[in-house]
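Undergrad: coordinates only, no sequence provided:
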């Protein structure tokens, strides 16, 4: 999915928590690590992350379904949202599957 999103973003770098071995981090730790490594947007299927972690300089984009087929179908909307999000913005991308 990382490469598909990267392609939808015209080759902009896309990395994953798995790649960075951050899967075991708490939400706050994950946001701190991502911010500390220069990330600007976090894409997640955790719809409550933005509500629970309001004080972050990262933009948080939540997708409301964690099925790969739903995320794949929403890639154009995800890419469009990433292009316009500003630091601290929070948004939810609905899926229609």
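TA: On my side now, so go ahead. Here the structure is a predicted model, which means the values were calculated and not measured.
Undergrad: ok, longest helix in this structure?
TA: helix 68-84 (DSSP state H).
Undergrad: next, the buried residues of it.
TA: 70-71, 74-75, 77-79, 81-82 (16 or more other CB atoms under 10 Å). Quick note: C-beta positions are derived from backbone N, CA and C, even for glycine.
Undergrad: tell me how many other residues crowd residue 2.
TA: If you count neighbours by other CB atoms under 10 Å, residue 2 ends up with 13.
Undergrad: look up how far residue 50 lies from it.
TA: 21 Å (CB to CB, to the nearest Å).
Undergrad: I'd like the buried residues of helix 68-84 laid out as JSON lines, including pLDDT and distance to residue 62.
TA: Converted to JSON lines, the buried residues of helix 68-84 look like this (pLDDT from 0 to 100; distance: CB to CB, whole Å):
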{"residue": "70", "pLDDT": "88", "distance to residue 62": "13"}
{"residue": "71", "pLDDT": "87", "distance to residue 62": "11"}
{"residue": "74", "pLDDT": "90", "distance to residue 62": "11"}
{"residue": "75", "pLDDT": "90", "distance to residue 62": "15"}
{"residue": "77", "pLDDT": "92", "distance to residue 62": "12"}
{"residue": "78", "pLDDT": "91", "distance to residue 62": "10"}
{"residue": "79", "pLDDT": "92", "distance to residue 62": "15"}
{"residue": "81", "pLDDT": "93", "distance to residue 62": "10"}
{"residue": "82", "pLDDT": "92", "distance to residue 62": "12"}
